[in-house]
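**Q** Quick one: sequence and predicted model below, then my questions.
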Amino acid sequence: MTMETQTDWQIGKSLSDRMKYMLDNQLMCDVTFHVGSDRSPIKAHKYMLASASPVFYRMFGGPLPEKGDVDIADITPEYFSMMLQYIYTEKIVIDAQNIKGLLYGSEKYMLQTLKDKCNEFLTSSVDEDHACVVFQTAHEFHITDLETDALNFIFKKGRACFESDDFLHLSSDCLKLIVESDKLYCDETTIYQRMVQWSKLRCEEQSMSMTDENVRKSLGDLLYRIRFPLMTPKFFTDEVSSTNILTFEERVRLYEHFNGKHTDMFPSKHRQFQIPIRLERCEVDTGKNSWGYSSGKDDCVDFQTSSDTVLTSVLLFGSNTYSGSNDLKVNILQGATVLNTIQSTLKSIPGKQIYEICFENPVDIAAETRYTVQLNMKGSDTFTGKSYIQKVTTHNGFNVTFLGSSLPSGNSTSENDGQIPGLIFIG
């Protein structure tokens, strides 16, 4: 780190510039630290360190002062050098990569102003991309208020936080605190997929092959915090049952659950933010009126919600003869952008007029933002509705407003008529 010294280098420089120059050029240093696992030598000035830190003051001026070189094994040379630069200049750039190292150093050496700057950075970083690293850091350093604030933010913005890069670096203890909570606002498919990725990273870090058995082993008890019964049977079959992450017995018990036999092997309680909100905009017309699909054109309607939520399902009318099947494709669009698509077959059964068409991955819906449900359906004529309501409100004030479609609705569905009798949200 030494540089060629200059003549009269003190002239025209501020105090912090002069101190930095002496540190960088190791001028008149009187202590050498051997830092990190490789004992990298870093020189400094006892006077400067003692003036900033009670720990350094006792180290060099206490009853039993250090006389020779000092070994520091628990901090890397990079972070120790950053800490010294702050002591000499009171300037530092804190980011998500160095925050833990700097916070550890500030606590160990009682550098209160540096710790305050670390806390300020953490508090300002509670967003969707960094909430997980803030939560992890606050948990490790027992910053209780910040830990609570970050955890509540993750609960509220669950899906976005789960999809952040920082999620993969959570400890198992922190991940447990998140996924065991009923307050987490996230669909179980995303929770499962990201926890599998989290587990695979643990396998990689431990040089374990990424077999299903090792993924299960790395998850440990966390596996039993995943609420498999809340998944759609199709997702479970395609993405979970096709692996060996669950045992054969566990898979059988879950299939039994999907067919009406409750299991207590995995939690099945809806999370607080996963209680389904079913909103229907009309009554079923059981008279002679029906809705046909011979034109091959789309049925479309727009909607917007009063608050942020998650769309899980679209409601569709089934056959007015209670028999036959309809091939269908549903798109959810924001403007011209397709956010999600599902292709399925609706098989009508006796006595049932309205069916839930579930998305494998629910759609995040922003408040007061216009979205379009676009349906293309082929097959039997279906029921239609009557007494359509444009604004549907729940008992707790959440509402959905149905609007005329932004896209061509060639099969004539509108805010006042046609298919798509309702929507299901969680939130």
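**A** Perfect, thanks for sending it.

**Q** Identify the residues contacting the residue nearest to G292 when sequence neighbours are not counted.
**A** Spatial nearest neighbour of G292, excluding adjacent residues (Cβ to Cβ, 6 or more residues apart in numbering): D381 at 4.8 Å. Just so you know, the C-beta spots here come from the backbone N, C-alpha and C atoms, and that holds for glycine as well. By Cβ atoms under 8 Å, 6 or more residues apart in numbering, the residues touching D381 are 290-293, 319-321.

**Q** in this structure, which helix has the most residues?
**A** helix 188-205 (DSSP state H).

**Q** one step back: tell me the one among the contacts of D381 nearest to D302.
**A** Checking those against D302 with Cβ to Cβ, the nearest one is W291 at 18.6 Å.

**Q** I'd like to know how far that closest one sits from R39.
**A** The gap separating W291 from R39 is 78 Å, by Cβ to Cβ, to the nearest Å.

**Q** Assign a three-state SS to Y355, would you?
**A** Three-state call for Y355 (DSSP: H, G, I helix; E, B strand; the rest coil): strand.

**Q** Now for it, how many residues are close by?
**A** 22 (other Cβ atoms under 10 Å).

**Q** these two touch, right, it and I349?
**A** No - with contact defined as Cβ atoms under 8 Å, Y355 does not reach I349; the gap is 9.1 Å.

**Q** what touches both of these two?
**A** G318.

**Q** so what's N416 closest to, chain neighbours aside?
**A** Per Cβ to Cβ, 6+ apart, closest to N416 is Y388, 4.9 Å.

**Q** The one you found: what's it in contact with?
**A** Applying Cβ under 8 Å, 6+ apart, we find Y388 in contact with 281-282, 402, 415-417.

**Q** What segments of the chain are helices?
**A** 15-24, 46-52, 54-61, 77-89, 99-108, 112-124, 131-140, 144-156, 158-162, 172-179, 188-205, 212-219, 233-235, 248-258.

**Q** Using TSV, please lay out those helices together with mean pLDDT and distance to Q304.
**A** Conversion of the helices of the chain to TSV gives the following (pLDDT from 0 to 100; distance: least, Cβ to Cβ, whole Å):
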stretch	mean pLDDT	distance to Q304
helix 15-24	91	54
helix 46-52	95	56
helix 54-61	94	58
helix 77-89	96	48
helix 99-108	95	39
helix 112-124	94	31
helix 131-140	95	27
helix 144-156	93	20
helix 158-162	89	20
helix 172-179	97	30
helix 188-205	96	24
helix 212-219	97	39
helix 233-235	89	27
helix 248-258	95	33
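
**Q** Mind putting those into a markdown table with distance to G68?
**A** Formatted as a markdown table, the helices of the chain follow (distance: least, Cβ to Cβ, whole Å):
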| stretch | distance to G68 |
| --- | --- |
| helix 15-24 | 20 |
| helix 46-52 | 12 |
| helix 54-61 | 12 |
| helix 77-89 | 18 |
| helix 99-108 | 20 |
| helix 112-124 | 27 |
| helix 131-140 | 32 |
| helix 144-156 | 39 |
| helix 158-162 | 48 |
| helix 172-179 | 40 |
| helix 188-205 | 37 |
| helix 212-219 | 45 |
| helix 233-235 | 64 |
| helix 248-258 | 60 |
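
**Q** CSV for those, including distance to H270 and mean neighbour count?
**A** What follows is the helices of the chain, written out as CSV (distance: least, Cβ to Cβ, whole Å; neighbours: other Cβ atoms under 10 Å):
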stretch, distance to H270, mean neighbour count
helix 15-24, 57, 16
helix 46-52, 53, 17
helix 54-61, 50, 16
helix 77-89, 44, 19
helix 99-108, 35, 20
helix 112-124, 32, 17
helix 131-140, 23, 23
helix 144-156, 14, 18
helix 158-162, 14, 23
helix 172-179, 14, 18
helix 188-205, 10, 18
helix 212-219, 22, 17
helix 233-235, 16, 15
helix 248-258, 14, 16
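
**Q** what's the closest of those helices to T341?
**A** helix 233-235 (14.3 Å).

**Q** same for that closest one, what does it pack against?
**A** Helix 233-235 sits against strand 354-365, with contacts defined as 3 or more Cβ pairs under 8 Å, 6 or more residues apart in numbering; DSSP states H and E.

**Q** What strands line up against the strand it packs on, and which way round?
**A** With DSSP bridges as the test, strand 354-365 is paired with strand 309-317 (antiparallel).

**Q** which other residues reach stretch 125-132?
**A** The contact list for stretch 125-132 (Cβ under 8 Å, 6+ apart) reads 96, 133-134, 149-150, 153-154, 157, 160-161, 164-167, 169-170, 174.

**Q** What's the end-to-end length of it?
**A** One end of stretch 125-132 sits 10 Å from the other (Cα to Cα, to the nearest Å).

**Q** can you pull the buried residues of that stretch?
**A** Neighbour counts over stretch 125-132 (16 or more other Cβ atoms under 10 Å) mark 125-126, 128, 130-132 as buried.

**Q** Distance from the chain centre to it, please.
**A** Relative to its parent chain, stretch 125-132 has a centroid offset of 9 Å by Cα atoms, centre = their mean, to the nearest Å.

**Q** Can you check the pLDDT for the closest residue to K269 other than its chain neighbours?
**A** Nearest non-adjacent residue to K269, counting by Cβ to Cβ, 6+ apart: D182, 6.6 Å away. Note on D182: pLDDT of 91.

**Q** One more: I426?
**A** The model reports I426 with a pLDDT of 82.

**Q** From here on, call the first residue 709.
**A** Done: numbering now begins at 709, and the last item shifts to I1134.

**Q** count of neighbours near it?
**A** 21.

**Q** same deal with K1094?
**A** 12.

**Q** does it really touch R989, like I thought?
**A** No - the criterion here is Cβ under 8 Å, and K1094 misses it with R989 at 11.0 Å.

**Q** Just the buried positions in stretch 735-752, please.
**A** Under 16+ other Cβ under 10 Å, the buried positions of stretch 735-752 are 739, 741, 743-744, 750-752.

**Q** between the residues you listed, which is nearest D716?
**A** Nearest member of these to D716, counting by Cβ to Cβ, is K751, at 22.7 Å.

**Q** quick one: contacts for the closest one?
**A** 734, 737, 739-741.

**Q** picking that back up, can you spell out which helices and strands pack onto the longest helix of the chain?
**A** helix 866-870, helix 880-887, helix 920-927, strand 1062-1073.

**Q** how about the ones you listed in CSV, adding distance to M939?
**A** Listed next are those as CSV, based on distance: least, Cβ to Cβ, whole Å:
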stretch, distance to M939
helix 866-870, 15
helix 880-887, 14
helix 920-927, 16
strand 1062-1073, 9
